[in-house]
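Visitor: Here you go, sequence then predicted model.
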Amino acid sequence: MKKLMTLILFTFCLWIINFTSPANALDTAKGAEIFSVHCAGCHINGGNIIRRGKNLKKNALKRYGMDSLEAITNIVTNGKNNMSAYKERLTTEEIQIVAAYVLEQAEKDWK
């Protein structure tokens, strides 16, 4: 029974990897495109030309409670202080994709 459960779990993991990787690659490319058009003007390479400390680097995101997909999605959607709202310019899907891209890049230290 234990071997059967291990085999099922292994098969499931392989299935997940094979069928979700291309979508993630597409989302990353689309996220990069959305970011370059709508965000890079102020946040080039994860920085912030308006308020230097409020950048998109991992430590700053964590410090300001913006280190989750939900938090980034919310601020992109609704804006805050100097950050413009994008709910009228981007679809919900585009906002989620760019938020995921920001988190991914923060993990890579924007390299």
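Guide: Sure thing, it's come through.
Visitor: Tell me which residues touch the most centrally placed residue in the chain, please.
Guide: Centroid check for the chain by Cα atoms, centre = their mean gives residue 100 as the closest residue, at 1.7 Å. Residues in contact with residue 100, defined by Cβ atoms under 8 Å, 6 or more residues apart in numbering, are 27, 31, 69. Bear in mind the C-beta positions are built from the backbone N, C-alpha and C, glycine included.
Visitor: pLDDT-wise, what's the bottom of those?
Guide: Within the set of those, pLDDT is lowest for residue 27 (82).
Visitor: just to revisit the earlier point, please indicate which of the contacts of residue 100 are buried?
Guide: Buried subset of the contacts of residue 100 (neighbour count, 16 or more other Cβ atoms under 10 Å): 27, 31.
Visitor: Quick check: which element contains the residue nearest to the centre of the chain?
Guide: helix 92-107 (DSSP states H and E).
Visitor: List the buried residues for that helix?
Guide: Going by neighbour count (16+ other Cβ under 10 Å), the buried part of helix 92-107 is 94-103, 105-106.
Visitor: Same check on stretch 36-50?
Guide: The neighbour-count check on stretch 36-50 (16+ other Cβ under 10 Å) flags 38-39, 42-43, 46-48 as buried.
Visitor: Next, the distance between the ends of it.
Guide: 17 Å (Cα to Cα, to the nearest Å).
Visitor: Give me the residues contacting it.
Guide: 35, 54-57, 82, 86, 89-90, 98, 102, 105-106, 109-110.
Visitor: try 7 Å this time
Guide: For stretch 36-50, the surrounding residues in contact (Cβ atoms under 7 Å, 6 or more residues apart in numbering) are 54-57, 82, 86, 89-90, 98, 105-106, 110.
Visitor: Just flag the most distant two among the residues you listed.
Guide: The most widely separated members of the contacts of stretch 36-50, counting by Cβ to Cβ, are 57 and 89 (24.5 Å).
Visitor: okay, these two: which has more neighbours?
Guide: residue 57 (17 against 12; other Cβ atoms under 10 Å).
Visitor: What is the burial count for the spatially closest residue to residue 77 that is not a sequence neighbour?
Guide: Nearest residue to residue 77 in three dimensions, chain neighbours excluded: residue 87, at 4.8 Å (Cβ to Cβ, 6 or more residues apart in numbering). Neighbour count for residue 87, taken as other Cβ under 10 Å: 12.
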